[in-house]
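Participant: I need the structure of the sequence given here:
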Amino acid sequence: MNEARFNPRFDEWADSYDSVVAGRDPQYREVFAGYREILTRSVLALGLPPGSRVLEIGVGTANLTQLLRETGYRVTGVEPSGEMRRIARGKLPDLDLRDGHFLQLPAEETYDGMISTYAFHHLTEKEKGEALTGIRHLLRPGGRIVITDTAFLDTTSKRKIRLEAFEQGFDKVVRDLDEEFFPLLSEVGELFRCAGMAVEFEQLNRYVWLMKGEDVDR
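Facilitator: Prediction:
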């Protein structure tokens, strides 16, 4: 993975990110519709007891991290953008936060769960598979993965969303759909299976799906 692939965009977006997820940018309003509920549902999907060690990939501005800690989880976070890390540390100064990404994870620990929101689509399909395999090796037996991100039921759904964004003049959303790596659910399901995990899907808004994986081979 090119570590700097999207970092300039993340760095530019860092100061306005919380405003965007709150719905103040019309272009991204549907992408982040129900944002707080999406984060809450993602944390609930982990379903681990308080005190569990959780790895969060793509901390961003630490909105999900705050909920994880309020739930009682011990969180280690990784985030590739220096500007995002700056904001996250401002909110949670004592957070164990590392410079890293899906393919560069702290391997000195094992974890009860892994969670990520709005980040998995930055990986190519090959990288997604490598990431899931690597994460599984860091999970303790019975560990869980929750990935919540934009994905599509099928190519027809993806084309329809892009056409609507184009017709509305949402050039930033169209750019994202064209340049980033938003998967189909069938592709994600196969990647989880190849990594030795069962996966369940739940749609949370028009763009976003919750993907919950569990280890089935150990």
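Participant: how about stretch 21-37 as PDB, C-alpha atoms only?
Facilitator: Extracted in PDB, the C-alpha atoms of stretch 21-37 (Å, rounded to 0.1, in the frame of the first residue of the first chain):
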ATOM      1  CA  VAL A  21     -19.900  14.100   9.300                       C
ATOM      2  CA  ALA A  22     -22.400  16.300  11.200                       C
ATOM      3  CA  GLY A  23     -24.100  16.900   7.800                       C
ATOM      4  CA  ARG A  24     -23.000  20.400   7.100                       C
ATOM      5  CA  ASP A  25     -21.600  19.600   3.600                       C
ATOM      6  CA  PRO A  26     -24.500  18.800   1.300                       C
ATOM      7  CA  GLN A  27     -22.300  16.600  -0.900                       C
ATOM      8  CA  TYR A  28     -21.600  14.200   1.900                       C
ATOM      9  CA  ARG A  29     -24.900  14.400   3.800                       C
ATOM     10  CA  GLU A  30     -26.100  11.000   2.500                       C
ATOM     11  CA  VAL A  31     -22.800   9.300   3.000                       C
ATOM     12  CA  PHE A  32     -22.700  10.300   6.700                       C
ATOM     13  CA  ALA A  33     -26.500  10.100   7.300                       C
ATOM     14  CA  GLY A  34     -27.100   8.800  10.800                       C
ATOM     15  CA  TYR A  35     -23.400   9.100  11.600                       C
ATOM     16  CA  ARG A  36     -23.600   9.000  15.400                       C
ATOM     17  CA  GLU A  37     -26.000   6.000  15.200                       C
END
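Participant: phi, psi of residue 199?
Facilitator: As for residue 199, its main-chain torsions (degrees, to the nearest 10) stand at phi -140, psi 140.
Participant: any idea how far it is from residue 216?
Facilitator: Residue 199 is 10 Å from residue 216, where distance means C-beta to C-beta, to the nearest Å. To be clear about C-beta, it is placed using only N, CA and C from the backbone, and glycine gets the same treatment.
Participant: can you check residue 179 too?
Facilitator: Distance from residue 179 to residue 216, by C-beta to C-beta: 34 Å.
Participant: more neighbours: which of residue 199 and residue 216?
Facilitator: The residue with more neighbours, out of residue 199 and residue 216, is residue 199; 20 against 11, by other C-beta atoms under 10 Å.
Participant: burial of residue 110, as a residue count?
Facilitator: 13.
Participant: my guess is it contacts residue 136. True?
Facilitator: No. Assessed by C-beta atoms under 8 Å, residue 110 is found out of contact with residue 136, at 10.9 Å.
Participant: many thanks, have a good one.
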